[in-house]
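# No letters, just coordinates:
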């Protein structure tokens, strides 16, 4: 399998050179260990997936670090986070940068350990699955925000994508871009490995029930999060579903998109939306076995939206940015007395709010963005350029403050 150059590479190099420790988070098999070995070949490696390695780190942490000298890369460090205290003592007594690179696939749980042991001493970066920019070798690294400057610069590196539905169906895990890897075999193995290595210690349920839960969530990707509905379908309690959703989020399987809130918007629906981070995994769980069947299915719109949201998040992660406080959605009745309006994404940056609509159409209309003016009610923010990301073949202005863009502009 040939190595695909990752967009986050320069961010990793910069962070390692300026930080005593680097933590690389991300879902299992997105390529964390691969990129570290490729970019930092001189680092010693310890993998905490190995039980004997974990045992030594737990019982004899100083001996473990003597046997694994710096610079050291520890993979799946959350499996034995007690080593963090020993690492803290070392970095506090040294001015050397980049002594430790850590990685883990349970980011929220791992970050809790970091806040207790390595606060102020560690730089945290997220690696996602492959983006379309990476697969198509697009030399553009800025995060997506629909300003005139972004659009102008992005046009200089536009590459046409041949069949977007093939990519949506295949998913973004690097191993799938080895031509010898069978799609169903990969995802079957992925789910089994995920359940055995990441979930087994976190839940008190059999794997079949948890797989049924994952399938139920995958069928709702792109929808508002309804714990009660999932609980009823899976046959477990609502509090259990909330716990399991948090596990999917912390292990990088789903993303919870929060609603945009402001005191000026008093009729906002405050329920978050849920998205699978990888459309290929969502397709596998919901048994859409071909790209053609998916494209013509009733869930095509939600899967397309899930894909676009994921691609936008990747542009932030690959620039080393935390997107959690920049990207929201709006749904509510602030514009009218009856019925609801929705803005698929609201991107906030530098006091501006950029409304984004995601439509699986090649014929966008200005009325698809009719809810955008709701953002004008917010007194301390300005509304920026609105955009409709869709299947159109070229950039088209629909109004002076609304543009339809092909997804190649992400």
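In hand now; what should we look at? All values reported here derive from a predicted model rather than from experimental measurement. Numbers count the residues shown, from 1 in each chain.

# Now stretch 34-43: buried residues?
Buried residues in stretch 34-43, counted by 16 or more other C-beta atoms under 10 Å: 34-36, 39-40, 43. Quick note: C-beta positions are derived from backbone N, CA and C, even for glycine.

# just stretch 2-15 next, same as before
Buried-residue list, stretch 2-15, by 16+ other C-beta under 10 Å: 6-8, 11-12, 15.

# rewinding a little: can you tell me which two in the buried residues of stretch 34-43 are farthest apart?
34 and 43 (13.2 Å; C-beta to C-beta).

# hang on, the earlier thing: ok, of the buried residues of stretch 2-15, which one's closest to residue 124?
residue 15 (8.9 Å).

# OK, contacts around that closest one?
For residue 15, the contact set (C-beta atoms under 8 Å, 6 or more residues apart in numbering) comprises 22, 123, 125, 320.

# Looking at the buried residues of stretch 2-15, which are in helices?
Mapping the buried residues of stretch 2-15 onto helices (DSSP state H) picks out 11-12, 15.

# Rebuild these as CSV, extending it with pLDDT.
Below are these laid out as CSV (pLDDT from 0 to 100):
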residue, pLDDT
11, 97
12, 98
15, 96
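
# Nearest to residue 186 among the buried residues of stretch 34-43?
Nearest to residue 186 among these, with distances taken as C-beta to C-beta, is residue 34, at 15.6 Å.

# Give me the contacts around the biggest strand by length in the chain.
Longest strand in the chain, counting residues (DSSP state E): strand 341-349. The contact list for strand 341-349 (C-beta under 8 Å, 6+ apart) reads 144-146, 257, 260, 305, 309, 312, 325-335, 353-358, 370-372, 374-375, 381.

# of these, buried ones?
144-146, 257, 260, 305, 309, 312, 326-334, 353-358, 371-372, 374-375, 381.

# need the strands for the stretch 51-200 of the chain, in chain order.
72-75, 100-104, 122-126 (DSSP state E, counting those that start in this stretch).

# and the spatially closest residue to residue 313 that is not a sequence neighbour, what pLDDT?
Nearest residue to residue 313, sequence neighbours excluded (C-beta to C-beta, 6 or more residues apart in numbering): residue 323, at 5.5 Å. For residue 323, the pLDDT comes out at 93.

# what residues are up against residue 323?
143, 313, 316-317.

# Any of those residues buried? List them.
Using 16+ other C-beta under 10 Å, the buried ones in the contacts of residue 323 are 143, 313, 316-317.

# Let me have those residues in TSV, adding distance to residue 131, pLDDT and secondary structure as columns.
Formatted as TSV, the buried ones among the contacts of residue 323 follow (distance: C-beta to C-beta, whole Å; pLDDT from 0 to 100; DSSP: H, G, I helix; E, B strand; the rest coil):
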residue	distance to residue 131	pLDDT	secondary structure
143	11	98	coil
313	10	98	helix
316	11	97	helix
317	9	97	helix
